[in-house]
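> Let me see the structure of the following:
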Amino acid sequence: MATTTITQTLPNEPTTLNYFLEVKDGGITQTYPGTAFEKRRKHVPHEVDIQDLRSIRHEFNLDNAGFELIDHVSEEKDFSDPERIKQIYYAEFERIIKERTGASHVSIVSHMTRRNTTAESQEDAASKDDSVPVTKNNPARFVHVDQSYRGAEQILYLNLDEEEADRRIKKRWAIMNIWQPFGKPVKRDPLAFCDYRTLDENDFRTVVANLPPPGAGEYGNVSKNRAHKGKWEYSLNGEEAPRYEVANLAYNPNQKWYYASEMSPDEAWIFKIFDSKKDGRARCAVHSSFPFKGQPDHGEARTSVEVRAFVFWDDEDPE
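Now for the predicted structure:
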């Protein structure tokens, strides 16, 4: 764990974050994203102060903290047409990542839009069996990284031909996301990040995510479900749906959390899910949405888009 030198007192939001519930206490090791089961999953709530980094935003970047806030005015405004998102926003994200990281190649994996509150999603799940998909997509309100370090390799092999994946892991590679509100400023459920410099990786907890089949809702589009030689034993769930490891987190009082107040549609977060480099830089960004204190369960939902991509450097060693 790297050290952080941020000592300035910042405005903060007291809130509750949902952490991993240990298996001995009734927690799970398998989850099913996008289903009623996942909406009913239990976590451990902890009271946390989330600091507003807006006044010192430039002290946080992909390599020291795992995330950074950028200014970005997208040509796309509505984010309702998946094909327009792919044609316009994907190209914007690819350009941003190449400019900020010097990467040789960026391969977009998928995107997800969110237009519903947590309450709406839970109400949708209430009358459904565990395995049934929930169609109302809400902010993810639990502490996580989309893939564990091992899960990053699994999702790579699920989305690339095996020969290309074998070649890519011989050089530096990463998974990065961009997250951006659209339509209106963020007034509820902002996204928060744990500074990698305050993270103890011993607090990671592995959960296996079982996705719905490709094409079955937004979570079904996270993987192309490529067939391969079984190099990663968690990669396939039968013949239809992929599975891979995600990282949840146990609470540690040393963790420092940050968000950006009054985030506008002309701003975006870019953050790491995985980086193969082990030279002391941030390798991932643990994140979660959170409710403001006193925020009502019902109300106008936050609207946001998130895009995920593989990032490759042809001229850098993998570690």
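
> residue ranges for the strands of the stretch 51-200 of the chain, please.
Along the stretch 51-200 of the chain, the stretches classed as strands by DSSP state E, counting those that start in this stretch are 67-71, 105-114, 144-145, 173-181, 191-194.

> To G294, which of those lies closest?
Closest of the strands of the stretch 51-200 of the chain to G294 is strand 191-194, at 17.0 Å (criterion: Cβ to Cβ). For every residue, glycine as well, the C-beta is placed using N, CA and C.

> immediately after that closest one, which helix or strand?
strand 204-210 (DSSP states H and E).

> And that following strand, what does it pack against?
strand 30-31, strand 241-249 (3 or more Cβ pairs under 8 Å, 6 or more residues apart in numbering; DSSP states H and E).

> averaged over its residues, what pLDDT does the last one have?
Pointing back at strand 241-249 there. Across strand 241-249, pLDDT averages out at 88.

> now do the first one
The average pLDDT within strand 30-31 is 92.

> low-confidence ranges in the stretch 201-319 of the chain?
Within the stretch 201-319 of the chain, the stretches with pLDDT under 70 are 213-241.

> Go again with 90.
210-244 (pLDDT under 90).

> For the protein, just list every one of the helices.
For the chain, the helices defined by DSSP state H cover 36-39, 82-84, 90-101, 118-126, 149-159, 162-168.

> closest to A260 out of these?
For A260, the closest of the helices of the chain is helix 90-101, at 17.0 Å, according to Cβ to Cβ.

> hang on, the earlier thing: can you list the helices and strands packed on strand 204-210 in JSON lines and add distance to V73 and mean neighbour count?
Output for the helices and strands packed on strand 204-210, formatted as JSON lines (distance: least, Cβ to Cβ, whole Å; neighbours: other Cβ atoms under 10 Å):
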{"stretch": "strand 30-31", "distance to V73": "36", "mean neighbour count": "14"}
{"stretch": "strand 241-249", "distance to V73": "32", "mean neighbour count": "23"}
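
> Now distance to I155 too, for those strands, in JSON lines please.
Listed next are these as JSON lines, based on distance: least, Cβ to Cβ, whole Å:
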{"stretch": "strand 30-31", "distance to I155": "15"}
{"stretch": "strand 241-249", "distance to I155": "5"}
